[in-house]
Structures are given as structure tokens and as C-alpha cells.
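Colleague: got a predicted model here, sequence first, then my questions.
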Amino acid sequence: MVVNNIIQKLMDIGYSEYEARAYVALVRSNPATAYEIARLSGIPTSKIYEVLARLADKGVVSSIDADTKKRYVPLPPDEFIEGRRNRLETTLDLLKEDLASVTAAPDASIVWNINDYNFLMEKASRMVQGARSNLLISCWHEEIDVLKERLVRKKREGVRMALVHFGNIQHQIGKIFQHPIEDTIYDEKGGRGLVIVADSREALIGTVREGNLVEGAWSRNGGFVTLAEDYIKHDIYVMKIVYRFDGQLKKRFGKKYAKLRDVFHDEEDI
């Protein structure tokens, strides 16, 4: 199972299945002849020399002559990883510059849909990382756990933060306002909400349902950003009022402020 996972990861970064299998076989047992590599990896002997030649061209396999037989050795895994990392980072930096030189002015009106949890959190992480002045966040502890380290770094850099937090608070990052009726909100939305606004410039909105199913969107559209920003700010306004007048609010509007939250009526318990 571990070997299969390694092979899949090598394929994810651009190696063919045979190349991945040959490299892993060599890492596990080397030096080895082409025949031995074919046997260990399950690659047909008719293909093994072609595969090894490609790996040699990529600099991850070398050959040595021993006992009149050519044997192969792999680039050590740590050298393989760091070399790949450096090449990829260099390529991405150059690609970023090249794309910037040919890119038309971005259309800020576009709202991008998001339906994958990993992508949602990657985008959230990049927004936090890119914030320069302030962050407004509304979320649950599951998502805060993912963003915690980046948020701590941003706080140290002097970025102002305000968080509306649902559920148990496990981290003190920025100014936190704990929502008092998280269970009710979860039932109404059918999941955990995540809203992030960075520097009043871009906004991310998402609902994470059971099984990490996601309905979300990201945009730099001015109206979209203002909507998300006002949503968080108004929650904070309400939290400040609740902290100070909780008893009176429950007395006038009932348990969990039910009549206060009923936007279709303007009634009180007294």
C-alpha cells in the first residue's frame, strides 16, 4: 500500500507509471541490473531499457559498470525531492513573470464557484498569507485549525484581525467574538460557515456540509466583498450587544433570541 502511494505521488508530479515503478524499485534495492529492476517493479523486460534511459535523461538514475554487467543506482530520495522542489519553484517563478507580461487586466466582476474542501482551504490559506492590513473571518474551529499557523504569523506582522467564532474556542488569535447560538446556526445553514475578507479587497464564502461537501465562492467583485464584509461586521455588532445585554435580550426576545432573529415580525415576549 505504501509503495502504491509513493508511485501515485510520483505520477502526480509528472513521472509515468513505469518510471515511478522503476525508481521506487531502485530505491528499495540497488545497485541492480535492468533485469532485476524489471522483476522487482513488474515492468516488461522489453520496456525496461527505454524506461531507464528516460530516467537517466531526467537525472534520477545513473549506471555503473560492475562485474561486466551494467547496474543502476537511483538519485538519493532527499536529493531527488530537493532538486525537484528547486526546479519547480524556479519554473513557477518564471511562469508567474511570463504570465503577468501577457495577462489582460483581470475582470473583478467574476465570482468563482468552489465545490472542493481542499481547494476552499487552500484559497483561504492564500488569502490569509496575502493579507497586508486586516482580516475579517467568520468560521468554526475545524477551519481555524487549518489556518492557525498562518494567522499567528500574520498577527505577528501586525495585521489586524477580528473573528466571529462558532463552537469551542481553542485558539486566541486576534479579537475573537464567540457566537452564542452555534447549534441553531449550524441547523439553519446545514453545515459550518466560512467567510474571509482580506484587506477589503477579496472575499471567500463557503458552507461546509457533512462529509466536507462544499458550496462556496471567491471574488474581488466590489459588491461581493462588501456583502461578505458587512455580514461579518454586523455579526460582530450583534455579539457586542449580546455580551453586554444578554439577560435583557433573552427576556424580551426569548431563548436563543428567537423573536429577535425572526426578520418577518417585530415582536417581543413582554
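Modeller: Yep, it's here.

Colleague: which element is the residue most central in space within the chain on?
Modeller: The structure's the chain has its C-alpha centroid closest to Glu122; by CA atoms, centre = their mean the separation is 2.1 Å. Taking DSSP states H and E as the definition, Glu122 sits inside helix 117-130.

Colleague: now stretch 163-174: average pLDDT?
Modeller: The average pLDDT for stretch 163-174 rounds to 77.

Colleague: ok, stretch 263-270 next?
Modeller: pLDDT averaged over stretch 263-270 gives 77.

Colleague: burial measure for Arg84, as a count.
Modeller: Each residue near Arg84 was counted by other CB atoms under 10 Å, and the total is 17. (Each C-beta comes from the backbone N, C-alpha and C, glycine too.)

Colleague: now it: closest residue in space that isn't a chain neighbour?
Modeller: Distances taken as CB to CB, 6 or more residues apart in numbering put Ile13 closest to Arg84, at 6.7 Å, once the chain neighbours are dropped.

Colleague: following the longest helix seen in the chain, which helix or strand comes up?
Modeller: In the chain, with assignment by DSSP state H, the single longest helix is helix 222-253. Per DSSP H and E, the first helix or strand lying C-terminal to helix 222-253 is helix 258-261.

Colleague: list the buried ones in that following helix?
Modeller: Using 16 or more other CB atoms under 10 Å as the test for burial, helix 258-261 gives Lys259, Leu260.

Colleague: three-state assignment of Leu136?
Modeller: strand (DSSP: H, G, I helix; E, B strand; the rest coil).

Colleague: which strand residues bridge it?
Modeller: Ala162, Val197 (DSSP bridges).

Colleague: quick check, it in contact with Asp199.
Modeller: No: Leu136 lies out of contact with Asp199 (CB atoms under 8 Å); the separation is 9.7 Å.

Colleague: hey, C-alpha coordinates of the strand or helix carrying Ala56 in CSV?
Modeller: Assigned by DSSP H and E, Ala56 falls within helix 45-57. The C-alpha trace of helix 45-57 is given here as CSV (Å, rounded to 0.1, in the frame of the first residue of the first chain):
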residue,chain,number,x,y,z
THR,A,45,11.7,-6.5,-19.9
SER,A,46,11.0,-5.3,-23.4
LYS,A,47,10.4,-1.8,-21.9
ILE,A,48,12.9,-1.6,-19.0
TYR,A,49,15.8,-0.1,-21.0
GLU,A,50,13.7,2.6,-22.5
VAL,A,51,12.3,3.5,-19.1
LEU,A,52,15.8,3.6,-17.5
ALA,A,53,17.1,5.7,-20.4
ARG,A,54,14.3,8.3,-19.7
LEU,A,55,15.1,8.3,-16.0
ALA,A,56,18.8,8.8,-16.8
ASP,A,57,17.9,11.8,-19.0
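
Colleague: I am finished for the moment; much appreciated.
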